[in-house]
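Asks: next comes the sequence, and after it the predicted model I'd like to discuss.
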Amino acid sequence: MIKRIKEDNLIFAFMINIMALISSLIFFRPFFEENDDAFIAMIAEGAFGKRDFHVIYPNALYGKLLSLLSALFPALRWHSIIQYILVFGALTAISFLIFEYSKKRGLGILFILASFYELYVSLQYSKTALAASTAGFALILDEVLRAFDKGRRLDLKRLIPASLLLFFGALLRDSSFFLAGIFALSALLTGAFSRLLKREGRERMGLLTVNCLKAFLPIILLVFACIFYNKGLYDSDSEWKSFISYNKSRMELLDYRYDLMDFNGNEKLLREEGISENDALLYLTWQFGDDKVIPKEKMSGLVKKGEKRPFDISLLKAFAFNIYKDIFNITPLLVFTLMLIVLSFAEGFRRGKGGRLLLFETALFLCIYFMLLFYFQYSG
């Protein structure tokens, strides 16, 4: 059995992640990184008087599942359990792919060591959704390429687990699903298509495109159907529709543009909107329950006035400073990512002419990454 564990990459990935999961629960104290997860769990569990599927940030289908499980087994904290299942599945899938493609067990183990605290210990539903979605896209892409190389049909046994990770990732946070999709598409275009086009020629690229559509399209259509279903549920309830609209404005201002509520820096703007220094201070400390003090219209007005940022040196300096802060706040996952980037460039230079494509892919992938970061900075 030990020999089989050592030789089989999937079993080895499974066992290593079992050890990581057990270690995180025994030697660390898991917690919710943000209070959003606590509210999601409490709404579905009935802490506010009744069990409700309107869990605000995740899809209502996820809320219905949580409510049902909480009714059947109320002693268990299902929001945490589902996240652990998704994180375990995602880390097992990604480490398995690292074992398969790099042929280096150490690299996969380093990845688990770099990731497990962020995902197993510091639980946060957006991160869980991103991990599950990334793993789902990677598994589907892996199956598409394997089927293409071997000239066989797509294997449903491989696609179903990947689709489940994508489905639940999208239910938890659809924006995480789309963000993972952007990176999956960039990996597909910069990696798979560029390499295969050079190796196979244009004749067989049509087959690869068809396989991609067969593999990705059903789950993407299902995700969009769930998003429209969720929107329909909230739109059909006037009170929830009103609350979601208010909460969206609150989130845009408090989570993304809290700098606008700095009375010292924006006194004129705030006074024009009829917001006192005391009101701004209360709002910044999350005392926003009374929507008559700062109603939705005022929040939306402030965000709109703050949206138009001049494209000048101050914006570039702010962007560079935020990148510096992120890098200065060193985490194991960041170190692992930087290590992968360095290894990719080193491998590209080592191969000489044959490594130019790898250098191009790595550089293009980094450009896409920084373009996304800059978009978030510029848009607020």
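Replies: Yep, that arrived.
Asks: which residues sit in contact with Ala20?
Replies: Listed by C-beta atoms under 8 Å, 6 or more residues apart in numbering, the contact set of Ala20 reads Leu91, Ile112, Leu113, Phe116, Tyr120. Glycine gets a C-beta too; all of them are placed from N, C-alpha and C.
Asks: list buried residues within these.
Replies: Leu91, Ile112, Phe116, Tyr120 (16 or more other C-beta atoms under 10 Å).
Asks: wait, doesn't the second one sit right on Phe14?
Replies: Think Ile112. No: contact criterion C-beta atoms under 8 Å: Ile112 and Phe14 do not qualify, at 11.5 Å.
Asks: in this structure Ala280 contacts Leu260, no?
Replies: No: here Ala280 does not reach Leu260: they are 9.1 Å apart, not a contact under C-beta under 8 Å.
Asks: where does pLDDT dip in the stretch 151-300 of the chain?
Replies: Within the stretch 151-300 of the chain, the ranges that satisfy pLDDT under 70 run 190-204.
Asks: for Asn266, grab phi and psi.
Replies: phi -130, psi 40 (degrees, to the nearest 10).
Asks: please identify which helix or strand holds the residue most central in space within the chain.
Replies: Per C-alpha atoms, centre = their mean, the C-alpha nearest to the average position across the chain is that of Leu130, at 2.3 Å. Here Leu130 sits within helix 125-150, counting by DSSP states H and E.
Asks: same deal with Phe12?
Replies: helix 9-27.
Asks: check which element follows that helix along the chain.
Replies: strand 31-32.
Asks: sheet partners, orientation included, of that following strand?
Replies: Note on strand 31-32: by DSSP bridges, its sheet partners are strand 122-123 (parallel).
Asks: can you give me how far the partner strand is from the chain middle?
Replies: 13 Å (C-alpha atoms, centre = their mean, to the nearest Å).
Asks: packing partners for the helix holding Leu130?
Replies: Here helix 125-150 touches helix 35-45, helix 78-102, helix 156-172, helix 174-187, helix 205-235, going by 3 or more C-beta pairs under 8 Å, 6 or more residues apart in numbering; DSSP states H and E.
Asks: residues in contact with the third one?
Replies: What it means is helix 156-172. 58-59, 61-62, 82-83, 86, 89-90, 93, 125-126, 128-133, 135-137, 139-140, 142-143, 176-177, 180, 215, 218-219, 222-223, 226-227.
Asks: drop anything exposed from these.
Replies: By 16+ other C-beta under 10 Å, the contacts of helix 156-172 give 58-59, 61-62, 82-83, 86, 89-90, 93, 125-126, 128-133, 135-137, 139-140, 142-143, 176-177, 180, 215, 219, 223, 226-227 as buried.
Asks: hang on, the earlier thing: among the helices and strands packed on helix 125-150, which comes closest to Phe319?
Replies: Of all the helices and strands packed on helix 125-150, it is helix 174-187 that lies closest to Phe319, at 18.5 Å by C-beta to C-beta.
Asks: that closest one: which residues count as buried?
Replies: Neighbour count says helix 174-187 has Asp174, Ser176, Phe177, Leu179, Ala180, Gly181, Phe183, Ala184, Ser186, Ala187 buried, by 16+ other C-beta under 10 Å.
Asks: can you put these in JSON lines and add distance to Glu267?
Replies: Below are those laid out as JSON lines (distance: C-beta to C-beta, whole Å):
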{"residue": "Asp174", "distance to Glu267": "38"}
{"residue": "Ser176", "distance to Glu267": "37"}
{"residue": "Phe177", "distance to Glu267": "41"}
{"residue": "Leu179", "distance to Glu267": "36"}
{"residue": "Ala180", "distance to Glu267": "41"}
{"residue": "Gly181", "distance to Glu267": "42"}
{"residue": "Phe183", "distance to Glu267": "41"}
{"residue": "Ala184", "distance to Glu267": "46"}
{"residue": "Ser186", "distance to Glu267": "43"}
{"residue": "Ala187", "distance to Glu267": "47"}
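Asks: and what about Phe288, helix, strand or coil?
Replies: Put simply, Phe288 is coil when judged by DSSP: H, G, I helix; E, B strand; the rest coil.
Asks: distance of it from Glu34?
Replies: 16 Å (C-beta to C-beta, to the nearest Å).
Asks: those two: who's more crowded?
Replies: Phe288 (17 against 14; other C-beta atoms under 10 Å).
Asks: quick check: that one touching Ile294?
Replies: Yes: with contact defined as C-beta under 8 Å, Phe288 reaches Ile294; the gap is 6.5 Å.
Asks: starting at the chain centroid, how far to the helix holding Leu130?
Replies: Offset of helix 125-150 from its chain centre (C-alpha atoms, centre = their mean): 13 Å.
Asks: what's the average pLDDT for that helix?
Replies: For helix 125-150, mean pLDDT is 90.
Asks: now stretch 90-99
Replies: 92.
Asks: and the contacts of that stretch?
Replies: Here stretch 90-99 has contacts from 9-10, 12-14, 16-17, 20, 104-105, 107-109, 111-112, 115-116, 119, 128, 131-132, 134-136, 138-139, 142, 161-162, 165, using C-beta under 8 Å, 6+ apart.
Asks: excluding its backbone neighbours, what's nearest Ser344?
Replies: In this structure, Ser344 finds its nearest non-sequential neighbour in Thr362, 4.3 Å apart by C-beta to C-beta, 6 or more residues apart in numbering.
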